[in-house]
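A.B. asks: Compute the structure for the input listed below.
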Amino acid sequence: MKTLDVRDVENTFDEMLSKIHNEHVQIMEDGKRVAVMISAEEYKETIKFLSSHSISTSLHNN
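C.D. replies: Take a look at the predicted model:
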C-alpha cells in the first residue's frame, strides 16, 4: 500500500486516481491515517462481499 501525506494528494490528485487501479493509496495527515483510496470496482466488490455475508453497511448508495 502506498502512503502519502494529505498535502501531496492535494497537489497530485489526478495522479492518485490513476494509481488506485493498481494499488491502494493510504493518505496520512499529521502522522495519522485519514483515508484509504481504492478503485470504484474494488469498492463495488467489497460492498457485494459484505452484503453476501449479511454484514450491514451504510456505505452502499449505488
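A.B. asks: I'd like to know how far the most centrally placed residue in the chain sits from Ile27.
C.D. replies: Centroid check for the chain by CA atoms, centre = their mean gives Met37 as the closest residue, at 2.0 Å. Using CB to CB, to the nearest Å, Met37 is found at 7 Å from Ile27. In short, each C-beta sits where N, CA and C put it, glycine included.
A.B. asks: Contacts only, for the residue nearest to the centre of the chain.
C.D. replies: Met16, Ile20, His24, Val25, Ile27 (CB atoms under 8 Å, 6 or more residues apart in numbering).
A.B. asks: Show me which of the residues you listed are buried.
C.D. replies: Buried by 16 or more other CB atoms under 10 Å: Met16, Ile20, Val25, Ile27, out of these.
A.B. asks: remind me which residues of the chain are low pLDDT?
C.D. replies: In the predicted model, the chain carries pLDDT under 70 at residues 1, 56-62.
A.B. asks: In it, which helix is the longest?
C.D. replies: Longest helix of the chain, by residue count under DSSP state H: helix 40-52.
A.B. asks: So which bits of that one are buried?
C.D. replies: For helix 40-52, burial by neighbour count (16+ other CB under 10 Å) applies to Ile47.
A.B. asks: Sketch out the helices for the chain, chain order is fine.
C.D. replies: Ranges of helices in the chain, per DSSP H, are 6-11, 13-19, 40-52.
A.B. asks: Mind putting these into CSV with distance to Gly31?
C.D. replies: Below are those laid out as CSV (distance: least, CB to CB, whole Å):
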stretch, distance to Gly31
helix 6-11, 11
helix 13-19, 19
helix 40-52, 26
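A.B. asks: out of the ones you listed, nearest to Lys32?
C.D. replies: Taking CB to CB, helix 6-11 is the member of the helices of the chain nearest to Lys32, at 9.9 Å.
A.B. asks: hang on, the earlier thing: of all the helices of the chain, which one is nearest Arg33?
C.D. replies: Closest to Arg33 of these is helix 6-11 (CB to CB; 10.4 Å).
A.B. asks: CA-only coordinates of the closest one in CSV, if you can.
C.D. replies: Presented in CSV, the C-alpha positions along helix 6-11 are these (Å, rounded to 0.1, in the frame of the first residue of the first chain):
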residue,chain,number,x,y,z
VAL,A,6,-2.6,14.8,2.6
ARG,A,7,-0.7,17.8,1.1
ASP,A,8,0.8,15.5,-1.6
VAL,A,9,-2.6,14.2,-2.5
GLU,A,10,-4.0,17.7,-2.8
ASN,A,11,-1.2,18.6,-5.3
